[in-house]
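Undergrad: predicted model follows, preceded by the sequence.
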2 protein chains.
Amino acid sequence: MYDLILHNISRHVSLDPQEQELFLSALKHRTLRRKEFLLQEGERCRHDHFVIKGSLRQYETDEEGRDNVMQFAFEDWWIGDWYSMLTGTPTVFNIDALEDTEVLMIEKTRLDELFLEIPKLERYFRIIMQHAFVALQHRILFLQKSAEERYADFYSRYGHFEQRVAQQHIASYLGISRETLNRIKNKQ
Amino acid sequence: MYDLILHNISRHVSLDPQEQELFLSALKHRTLRRKEFLLQEGERCRHDHFVIKGSLRQYETDEEGRDNVMQFAFEDWWIGDWYSMLTGTPTVFNIDALEDTEVLMIEKTRLDELFLEIPKLERYFRIIMQHAFVALQHRILFLQKSAEERYADFYSRYGHFEQRVAQQHIASYLGISRETLNRIKNKQ
DNA sequence: CGCCGGGTTGATAGCCCTCAACTTGGGTGG
DNA sequence: CCACCCAAGTTGAGGGCTATCAACCCGGCG
């Protein structure tokens, strides 16, 4: 159950066995059925979540009732709402499971304590946050491009996940309508 | 010269005088004339930069020769290319000065050393990276909205900077043409 | 077997881009 | 100090990409 997260951490920092034990003891395990919510708009987000099985989608619902996908999360990814965690305000996002899913969750307040006890853990979170930041920068640049280019970029990066996600959700992630995405895919 | 950056840091962590001294000794000072480059496409980005005077714009130039503004940086902001710094690859971005500008720069390799010597400094960078991440998430959501809504959001957040930046750069930042932005502003 | 969410396809419309011409203003050099 | 020049901004016309709406198909699940 903990192999995936320990391996993920070990790619950036090396915790000794004691530190690993301390960190793992702060984690809680949660399973979700397909379509079940991990977080709903209006709640306060108090945990960060690491996916060990399945997949999730984070999205906001705008005034017209349209869903805008902020991100997906598959095995080996973190997902949560840092805005809500940092400010303590209710989240604008929903996070629900696209498949039957299992996550490890850590409370934000506990994580802040652990940063004091395990400096290397703070380094790990700094590093993955930098990578997440860079990924969003890339996405912003591609949102300036045509629908076809956006899909081509998505396919080259995340094509291997494509069958696990409904096309309309991918379209939303790319900022295009599901009809347009469909036409693009049927063109070639 | 160092007041601004020390005050910025103190909003998130409190360094003792020794740590402050150590950190400041790693900084270099650089002045740029308007239109001068801080970073150019193809170079490796080896420094992060903190603006103490003036303003800059970070942008990529695409195949059609169009500039896409990634972000601006004013006094009290950090700017650099973390993708290039993390991977050691040449940057795709240009960063140039919109006004006569002064920055404090820190070498990425030196910063990594300092993180070992001053854990609180690593905390500071983790925290500002989280804030930057959240800001980009917000921007992605607004790139789904109409040109008018994007400008309204920009104005409410950064309206006080508006006179210091050419409208065409703001348009690029918002992902709309300068003509469209102009029509929006002259409508009201 | 029926329902429903997801996907497909066509017709239409609209937002915004592009191109072009003109205006304005600040900076620079004579 | 003035005149020129170029960058930036303004305004109009036209078109294209993509959203929207609608109808229909399909497969899986209850």
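TA: On my side now, so go ahead. Numbers count the residues shown, from 1 in each chain, chains lettered A, B, ... in the order given.
Undergrad: give the next helix or strand downstream of the top helix by length along chain A.
TA: Longest helix of chain A, by residue count under DSSP state H: helix A:119-142. Sequence-wise, the next helix or strand downstream of helix A:119-142 (DSSP states H and E) is helix A:147-158.
Undergrad: that following helix vs DNA strand C: in contact?
TA: No - judged by Cβ under 7 Å from any atom of the strand, helix A:147-158 makes no contact with DNA strand C; its nearest approach is 11.7 Å. (Each C-beta comes from the backbone N, C-alpha and C, glycine too.)
Undergrad: make sure I have this right: A:Val51 is in a helix.
TA: No - under DSSP: H, G, I helix; E, B strand; the rest coil, A:Val51 sits outside any helix and is assigned strand.
Undergrad: show me what it is bridged to.
TA: A:Val51 has the following beta-bridge partners by DSSP bridges: A:Val103.
Undergrad: that one against A:Asp100, yeah?
TA: No - A:Val51 lies out of contact with A:Asp100 (Cβ atoms under 8 Å); the separation is 11.8 Å.
Undergrad: pick out whichever of those two has more residues nearby.
TA: The neighbour comparison of A:Val51 against A:Asp100 (other Cβ atoms under 10 Å in any protein chain shown) goes to A:Val51, with 23 against 14.
Undergrad: for A:Ser172, which non-adjacent residue is closest in space?
TA: Spatially, and ignoring its direct neighbours in sequence, A:Ser172 is nearest to A:Val69 (4.2 Å; Cβ to Cβ, 6 or more residues apart in numbering or on different chains).
Undergrad: near that neighbour, how many residues? Count them for me, please.
TA: 20.
Undergrad: now do it against A:Gln58, distance only.
TA: Distance of A:Val69 to A:Gln58, computed by Cβ to Cβ, to the nearest Å: 7 Å.
Undergrad: kindly report the same for A:Val134.
TA: Distance from A:Val134 to A:Gln58, counting by Cβ to Cβ: 18 Å.
Undergrad: partners of the residue at minimal distance from the centre of chain A in the sheet?
TA: By Cα atoms, centre = their mean, chain A has its centre lying nearest to A:Ile79, at 3.4 Å. Beta-bridge pairing for A:Ile79 (DSSP bridges): A:His49.
Undergrad: hmm, it is touching A:Gly54, no?
TA: No - A:Ile79 lies out of contact with A:Gly54 (Cβ under 8 Å); the separation is 11.4 Å.
Undergrad: what's in contact with the longest helix of chain A?
TA: Contacts to helix A:119-142, defined as Cβ atoms under 8 Å, 6 or more residues apart in numbering or on different chains, come from residues A:9, A:12-15, A:19, A:23, A:78, A:111, A:114-115, A:149-150, A:153, B:60, B:68, B:70, B:82-83, B:86, B:115, B:119, B:122-123, B:125-126, B:129-130, B:132-133, B:136-137, B:139-140, B:143.
Undergrad: doesn't the residue nearest to A:Ser172 belong to a helix?
TA: No - counting by three-state DSSP, A:Val69 is not part of a helix but strand.
Undergrad: quick one: contacts of the lowest-mean-pLDDT helix or strand in chain A?
TA: The helix or strand of chain A with the poorest confidence is helix A:178-187; it has a mean of 94 (mean pLDDT, DSSP states H and E). Defining contact as Cβ under 8 Å, 6+ apart, one finds that helix A:178-187 is touched by A:147-148, A:151, A:167-168, A:170-172, A:174.
Undergrad: now swap in stretch A:106-118 and tell me
TA: Stretch A:106-118 is contacted from outside by A:15, A:19, A:22-23, A:26-28, A:45-48, A:50, A:85, A:121-122, A:125, B:123, using Cβ under 8 Å, 6+ apart.
Undergrad: out of the residues you listed, which are buried?
TA: The neighbour-count test (16 or more other Cβ atoms under 10 Å in any protein chain shown) applied to these identifies A:15, A:19, A:23, A:27, A:45-48, A:50, A:85, A:121-122, A:125, B:123 as buried.
Undergrad: so who does A:Val165 touch?
TA: By Cβ under 8 Å, 6+ apart, the contact list for A:Val165 reads A:55, A:57, A:72, A:98.
Undergrad: secondary structure class for the third one?
TA: For A:Phe72, the assignment made with three-state DSSP gives strand.
Undergrad: and the closest residue to it other than its chain neighbours, how many neighbours does it have?
TA: Leaving aside its chain neighbours, A:Phe72 sits nearest to A:Arg57 (5.5 Å; criterion: Cβ to Cβ, 6+ apart). The local packing of A:Arg57 (other Cβ under 10 Å) involves 23 other residues.
Undergrad: let me know the pLDDT of A:Gln168.
TA: pLDDT for A:Gln168: 97.
Undergrad: that one: how many residues sit nearby?
TA: If we define neighbours as other Cβ under 10 Å, then A:Gln168 has 15 of them.
Undergrad: and it, which helix or strand is it part of?
TA: helix A:167-174.
Undergrad: so who does A:Leu104 touch?
TA: By Cβ under 8 Å, 6+ apart, A:Leu104 lies in contact with A:1-2, A:5, A:27-30, A:49-50, A:52.
Undergrad: now with 10 Å, please.
TA: By Cβ atoms under 10 Å, 6 or more residues apart in numbering or on different chains, the residues touching A:Leu104 are A:1-2, A:4-5, A:24, A:26-30, A:47-52, A:78.
Undergrad: low-confidence ranges, chain A, go.
TA: Along chain A, the model assigns pLDDT under 70 to residues A:188.
Undergrad: enumerate the residues of it near DNA strand C.
TA: A:166-168, A:178-179, A:182-183, A:185-186.
Undergrad: how near is A:Asp153 to B:Asp112?
TA: 30 Å.
Undergrad: these two: which has the busier surroundings?
TA: Higher neighbour count among A:Asp153 and B:Asp112: A:Asp153, with 16 against 12, using other Cβ under 10 Å.
Undergrad: quick check, the more buried one in contact with A:Lys145.
TA: Yes - taking Cβ atoms under 10 Å as the definition, A:Asp153 is a contact partner of A:Lys145 at 7.7 Å.
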